[in-house]
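In: Turn this into a structure:
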Amino acid sequence: MISTELSMIHMLNPHRHKLALLQEAFLSKGGTIEVLEGPAFKPPPPRHEPPPTVKKAKPKKVEPPRQKWIDKMAQRDIEREERALKREQDRADKLEYVRHLAQTMTYAQAVLRTGFPLRELTRLAAKGGFKFQPAKAQANKGGKIFDEERDARNAEMIRDFKARGFTRNQARESIQSTYKNFDRLLEKFGIDYPKSGKGPEPACFDKKKLG
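Out: A predicted model of the protein is given here:
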């Protein structure tokens, strides 16, 4: 490799010698050789860049621990037991409330006070082992005697007929009552029964006089 380069240098020597003679003749005739300046290097102007923004680290979202499937089942069982206890407590409170009323009231009076159906009061009395005060027959101004318990039963039936869409006359006929007695029951138990409207066919009951 080195011998090849040396041979090439020797080959160029005649050309270099000839170029030197031409340059010397040019200078002897008063010629000048101007050396051109190369391109001047100008550094770029300094760049004023804003400082880099520092990104704030986002706080990691802490997720609540996932409940296991067995934990959810246990929670549902607990809630179900709590609801059952609440219903049991409500029933016990209702029973004690009715027991307290039974000490001084008849069935009819308790119906008026609580709005509970007569069969509900009867069921509570049987369950709680207590009795209501015996109903006393009362006479109106005309001297007619009314049975309070029978009035309470009739009033309960009237409310049921009203809910089922019976007309006043159909309800009156269903309980085998007169117009005057029917109006008395409505007024006594505060039943708002409309006078118009066509209802279903009246139900069939025993022919026993109910009021």
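In: so where's the longest helix in the protein?
Out: For the chain, the helix with the greatest residue count under DSSP state H is helix 69-102.
In: tell me which strands and helices that one is in contact with?
Out: Contacts defined by 3 or more Cβ pairs under 8 Å, 6 or more residues apart in numbering; DSSP states H and E place helix 69-102 against helix 107-114, helix 118-128. C-betas here are computed from N, CA, C, even on glycine.
In: gap between it and the chain center?
Out: Using Cα atoms, centre = their mean, to the nearest Å, the mean C-alpha position of helix 69-102 is found 22 Å from that of the whole chain.
In: residues of that helix that come out buried?
Out: Neighbour-count burial for helix 69-102 flags Val98, Leu101, Ala102 (criterion: 16 or more other Cβ atoms under 10 Å).
In: Over to stretch 151-161?
Out: For stretch 151-161, using 16+ other Cβ under 10 Å, the buried residues are Asp151, Ala152, Arg153, Asn154, Ala155, Glu156, Met157, Ile158, Arg159, Phe161.
In: Need the three-state assignment for the first one.
Out: So the one you mean is Asp151. Three-state assignment for Asp151 (DSSP: H, G, I helix; E, B strand; the rest coil): helix.
In: tell me the contacts of it?
Out: Ala108, Leu185, Lys188, Phe189, Gly211 (Cβ atoms under 8 Å, 6 or more residues apart in numbering).
In: tell me which helix or strand of this protein sits lowest on mean pLDDT?
Out: strand 138-139 (a mean of 50; mean pLDDT, DSSP states H and E).
In: care to break this protein down by domain?
Out: Using automatic domain parsing, the domain parsing of the chain gives 70-128, 135-211.
In: Flag whichever of the ones you listed has the least confidence on average.
Out: When those are compared on mean pLDDT, domain 135-211 scores lowest, with a mean of 74.
In: what angle do the longest helix of the chain and helix 107-114 make?
Out: 130 degrees (axes from the mean of the first three to the mean of the last three Cα atoms, to 10 degrees).
In: neighbours around Thr106, how many?
Out: 18 (other Cβ atoms under 10 Å).
In: That one and Lys188: what is the separation?
Out: Relative to Lys188, Thr106 is positioned 13 Å away (Cβ to Cβ, to the nearest Å).
In: thinking again about what came up before, among the buried residues of stretch 151-161, name the ones in strands.
Out: Using DSSP state E, no member of these sits in strands.
In: Just give me the closest of those residues to Glu37.
Out: Arg159 (120.5 Å; Cβ to Cβ).
In: residues contacting the nearest residue to the closest one once chain neighbours are set aside?
Out: Spatial nearest neighbour of Arg159, excluding adjacent residues (Cβ to Cβ, 6 or more residues apart in numbering): Ile191 at 6.3 Å. Residues counted as contacts of Ile191 (Cβ under 8 Å, 6+ apart) are Ala155, Ile158, Arg159, Lys162, Leu185.
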